[in-house]
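Engineer: Task: produce atomic coordinates for the following.
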Amino acid sequence: MGDEKSAPALGAQRLSERELRSLLEVGRALVSELDVEVVLRQVLDTARELTRAQYAALGIIDPSGEELERFLFVGLDEAARQRIGPLPRGRGVLGELIRNPAPLRLADVTAHPRSYGFPAGHPPMRSFLGVPIAIRGEAFGNLYLTEKDDEAEFSETDEELVLVLAEWAAIAIDNARLYESVEARRGELERAVRGLEATAAVARAVGLETELARVLELIVKRGRAMLDARSLIVLLDEGTGRLRVTAAAGEIGDELIGTELPGSGALAGTVLETGAPERVADLGARPGHGLDDVAGRATSAVVVPLGFRGRARGVLIALDRVGGYVAFDPDDEHLLTSFAASAAIAIATAQSVEADRRRSSLRAAEQERKRWARELHDETLQELGAVKLLLETAQITDSQQALTAAAGRGVEQLDLTIQGLQSLITELRPAALDELGVEPAVRALLKRTAATSGLEVDARIDLAHQSGRCSTRLEPEVTTTIYRLVQEALTNATKHAGAERVTVEIVEEGPTVTVAISDDGRGFERADVSRGFGLVGMEERVALVGGTLVVDSKPGSGTRVRGELPARHVEPPPASRGSGV
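Structural biologist: Just a heads-up that it's a prediction; the model follows:
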């Protein structure tokens, strides 16, 4: 970093070749070091060695340019240092170099007009050599040397050596400071990139992930990594006046999920109410912060709101940094606040989708209840009513023969009613669906439909777990949806379309199961899809498992129903695994 700077001018005719070579070696060593503190210590040690001084010190000038803000020294042990008392601030002779930045060489420092003398306990010092250190034309500090070994005072050669050393020191310090600045900037950029990546990941979750639990897991894990935090917590406002822990990552375990914190008065509640983030460098010094149930041994925290559409839906809390006690800084707060904006959108979107799914599920369940209520009313209740009327009529005649005949017909009618109820129960949830799987259940449904309606049914079912290609099974929600799609399509074909022939195909390919049902019935206008035939319920069922449904029909051209469902395989328990492929 100091390549563009020229080396110190060695125009000192008084320096020997050995001394010049020594200075060059010192210079190379200094400029190769990129830690400012190490450079400063090396300058002090080198200055003592070059001049054979007993004591060396380096005073760094404060921004005002009037006194020293730091004073580094070598040659004194800690006991002597404690006896001296406070370190110099640049008064007396030391201040002379601040006011007049030029080399100062004295045989007796105490004889100088500006000398204040030494405090009690200070070791005796007479000979003195001081030179300024300037970086890019600006005063940085001064190098002080005292008590040259076995000689009365420092020589002109000593002064020349230290002047050259001061120039080398200026280059080395400037290089090291530039390096540290670049490193700090790089660290900031890396953190900013991590923040953008984490924010982008959560933003992608809005479009790619709608499961609230998965979105929350993504938020806490990415947010924690972004800040290098020990723990990160999501607390959501559920309208109870308190905040509830809904997700956590890091040293905090899942046992905290469900923990409630005060919704007002405490730290998290205040951030929720005001919408303003807050950093706490020392939780122990902040009484009433209200994080005791979740903070554990954490000492610092940053709390930011999860704001969406002008309302805070909860807060994010980051606790402590990884790798020692370093409190969160304003950049961390800004980064987490920006991250929380995307996180709040993702959470709100997932909550909205979840609410829509609940509403769709309730609508589908309500339609199912209406359908079965209609079936019971139109068939079962009427049949039982007919049996009752038959028996009452026979009872009125008071004839044994009539009663016997009525009882016989009533038994026949009850047998038919029982069969109807058994069919109805099977349609509600066939046992084969749970015990044997979706293919046997669907084939049994097709067989019953063909037997009771005279419908000609062609079927092709090719599922991976049924055909032996693997040992996994479809998730229950998917199998139920497949069964209901076929069931509803067959009901429409027999009761509404007047179809004579139906083709059913259920094929699993990769991550998708395709269910296609076609009939040769009378068809209908597509505008009628939203008004009946149970098609709305079919669409909602498919949507609930993340699939798509297309219904194509025209009057006189039959109806085609095609659903694309995610297979979503899950492994069965170990005991049920066979030796399949």
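Engineer: show me where the stretch 1-150 of the chain has strands.
Structural biologist: For the stretch 1-150 of the chain, the strands defined by DSSP state E, counting those that start in this stretch cover 53-61, 68-74, 104-106, 128-135, 138-148.
Engineer: and L267, what does it touch?
Structural biologist: 278, 280, 286, 289-291, 301, 303 (Cβ atoms under 8 Å, 6 or more residues apart in numbering). For glycine as for every other residue, the C-beta is placed from the backbone atoms N, C-alpha and C.
Engineer: residues near K221, how many?
Structural biologist: Look at K221: counted by other Cβ atoms under 10 Å, it has 16 neighbours.
Engineer: Whatever helix or strand it lives in: what's the following helix or strand?
Structural biologist: Assigned by DSSP states H and E, K221 falls within helix 212-227. Counting by DSSP H and E, the next helix or strand C-terminal to helix 212-227 is strand 229-237.
Engineer: helices or strands next to the next helix or strand after that following strand in the packing?
Structural biologist: Later in the chain than strand 229-237, the nearest helix or strand by DSSP H and E is strand 242-250. Judged by 3 or more Cβ pairs under 8 Å, 6 or more residues apart in numbering; DSSP states H and E, the packing partners of strand 242-250 are helix 212-227, strand 229-237, strand 260-262, helix 267-274, strand 311-321.
Engineer: who wins for proximity to S352 among the ones you listed?
Structural biologist: The closest of those to S352 is helix 212-227. By Cβ to Cβ, the value is 9.8 Å.
Engineer: Would you mind saying which of the helices and strands packed on strand 242-250 lies nearest A499?
Structural biologist: Evaluated over the helices and strands packed on strand 242-250, closeness to A499 peaks at helix 212-227, with 42.1 Å, by Cβ to Cβ.
Engineer: Can you lay out the strands of the stretch 1-150 of the chain as CSV showing mean pLDDT, distance to T404 and mean neighbour count?
Structural biologist: Below are those laid out as CSV (pLDDT from 0 to 100; distance: least, Cβ to Cβ, whole Å; neighbours: other Cβ atoms under 10 Å):
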stretch, mean pLDDT, distance to T404, mean neighbour count
strand 53-61, 88, 120, 22
strand 68-74, 87, 118, 16
strand 104-106, 90, 138, 19
strand 128-135, 89, 122, 22
strand 138-148, 88, 123, 21
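Engineer: quick one, which of the ones you listed is nearest to I317?
Structural biologist: Evaluated over the strands of the stretch 1-150 of the chain, closeness to I317 peaks at strand 68-74, with 37.2 Å, by Cβ to Cβ.
Engineer: right, and D149 touches Q54 too?
Structural biologist: Yes: at 6.3 Å, D149 counts as touching Q54 under the criterion of Cβ atoms under 8 Å.
Engineer: For the residue nearest to E67 when sequence neighbours are not counted, give me phi and psi.
Structural biologist: Distance criterion Cβ to Cβ, 6 or more residues apart in numbering; nearest residue to E67, sequence neighbours excluded, is G90 at 4.2 Å. Backbone torsions of G90, given as degrees, to the nearest 10, read phi 100, psi 30.
Engineer: Any idea how many residues pack against G90?
Structural biologist: Neighbours around G90, by other Cβ under 10 Å: 21.
Engineer: now G498
Structural biologist: For G498, the count of nearby residues is 11 (other Cβ under 10 Å).
Engineer: for it, helix, strand, or coil?
Structural biologist: Under DSSP: H, G, I helix; E, B strand; the rest coil, the three-state class of G498 is coil.
Engineer: Now for it: which residues touch it?
Structural biologist: G498 neighbours (Cβ under 8 Å, 6+ apart): 521-522.
Engineer: measure it to G558 for me?
Structural biologist: Distance, G498 to G558, using Cβ to Cβ, to the nearest Å: 10 Å.
Engineer: Next, show the common contact partners of these two.
Structural biologist: Shared contacts of G498 and G558 (Cβ under 8 Å, 6+ apart): 521-522.
Engineer: if you count residues, which helix in this protein comes out on top?
Structural biologist: Taking DSSP state H as the criterion, the chain has its longest helix at helix 156-208.
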